[in-house]
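Student: Fold the stuff below for me.
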Amino acid sequence: MEPLFSDISYLDYLENFITENRSEGFKRVLENRTKHFTVAVEDLYQLHNTSAVMRSCEVFGIQELHVVEERFGKKIDKEIAMGAQKWVDINRFDSNQDCITNLKQRGYRIIATTPHDNDCLLEDFDITQPAAIFFGTERLGLSDEVMQQADGFLKIPMVGFTESLNISVSAAIILQNISTRLRNSDLDWKLSDAEMIEKRIDWARKSIKDIDYITRLYLEKNKKED
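Tutor: Coordinates of the predicted model:
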């Protein structure tokens, strides 16, 4: 994290350029944000699905989305995302393995979403441990790399003839369930104070026109005072 994004004085300075309602709105939303769960999407060919998953992350308080771009480049569909790209952190990876390794190093269980009969049902999913929920391609599902290295498997219970759901719909159902259960639990699921300050600065910067000029004035002012 850049030093500027942990500078409370810089945050105070930026908040002079946004309304109090907007500043309070940032605090209110961040109170419900979490990194206890995160989401990874693997080479989704249909761009609107990636954007829709991002929108679900934002709506249900998931702060980070990981996008694997091994075969298909990603350019977020702003119309579908409806501004969610401003408020969700997007981490891009060139391969499935890079993404898996990064998440495991950060302490996440790798959870593969599949329709298989013996997988854990959504209502039985253990929310106590940090988990990265992986969603695969529309036609082929998750790669062998993810399936072989997964720490667990998760499925949505279905009772109709259709055996699968659109990826973006699946993500919305799963995230609504686990995020609601998380907020109703006694787990320590919220962002840390440092993470909240970082995001308040980030979001304030994204709300201010000519932010580079505004930041330069702040740095020059501080330099003179030093």
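
Student: how much space between the residue lying closest to residue 129 once chain neighbours are set aside and residue 167?
Tutor: Nearest residue to residue 129 in three dimensions, chain neighbours excluded: residue 109, at 5.7 Å (CB to CB, 6 or more residues apart in numbering). Any C-beta I mention is one placed from the backbone N, CA and C, and that applies to glycine too. Distance, residue 109 to residue 167, using CB to CB, to the nearest Å: 20 Å.

Student: And those two? Which one has more around it.
Tutor: A count of neighbours by other CB atoms under 10 Å puts residue 167 above the other of residue 109 and residue 167, at 22 against 15.

Student: From what I see, the more buried one and residue 133 are in contact.
Tutor: No: when contacts are counted by CB atoms under 8 Å, residue 167 is not listed as touching residue 133 (11.4 Å).

Student: how much space is there between residue 174 and residue 2?
Tutor: When distance is defined by CB to CB, residue 174 is 33 Å away from residue 2.

Student: more crowded one of the two?
Tutor: Using other CB under 10 Å as the criterion, residue 174 and residue 2 rank with residue 174 on top: 23 against 8.

Student: Was I right to think that one contacts residue 133?
Tutor: Yes: Residue 174 is in contact with residue 133 according to CB under 8 Å; the separation is 6.3 Å.

Student: intersection of neighbour lists for the two?
Tutor: By CB atoms under 8 Å, 6 or more residues apart in numbering, residue 174 and residue 133 have these common neighbours: 113, 154.

Student: How many neighbouring residues does residue 220 have?
Tutor: With other CB under 10 Å as criterion, residue 220 counts 10.

Student: could you pull out the helices for this protein?
Tutor: Ranges of helices in the chain, per DSSP state H, are 8-14, 20-30, 47-59, 78-81, 84-87, 96-105, 144-149, 167-183, 193-206, 211-225.

Student: Of all the ones you listed, which one is nearest residue 126?
Tutor: Closest approach to residue 126 among those (CB to CB): helix 167-183, 9.9 Å.

Student: C-alpha coordinates for the closest one, CSV please?
Tutor: The C-alpha coordinates for helix 167-183 follow below in CSV (Å, rounded to 0.1, in the frame of the first residue of the first chain):
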residue,chain,number,x,y,z
ILE,A,167,-22.6,-18.0,-13.7
SER,A,168,-23.7,-14.5,-12.7
VAL,A,169,-27.0,-15.9,-11.2
SER,A,170,-25.1,-18.6,-9.3
ALA,A,171,-22.7,-16.0,-7.9
ALA,A,172,-25.5,-13.7,-6.7
ILE,A,173,-27.3,-16.6,-5.0
ILE,A,174,-24.1,-17.8,-3.2
LEU,A,175,-22.9,-14.4,-2.2
GLN,A,176,-26.3,-13.3,-0.8
ASN,A,177,-26.4,-16.5,1.3
ILE,A,178,-22.9,-16.5,2.7
SER,A,179,-22.6,-12.7,3.2
THR,A,180,-25.9,-12.6,5.1
ARG,A,181,-24.8,-15.5,7.3
LEU,A,182,-21.5,-13.8,7.9
ARG,A,183,-23.0,-10.5,9.0
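
Student: Going by neighbour count, which residues of that helix are buried?
Tutor: Buried residues in helix 167-183, counted by 16 or more other CB atoms under 10 Å: 167, 168, 170, 171, 172, 174, 175, 177, 178, 179, 182.
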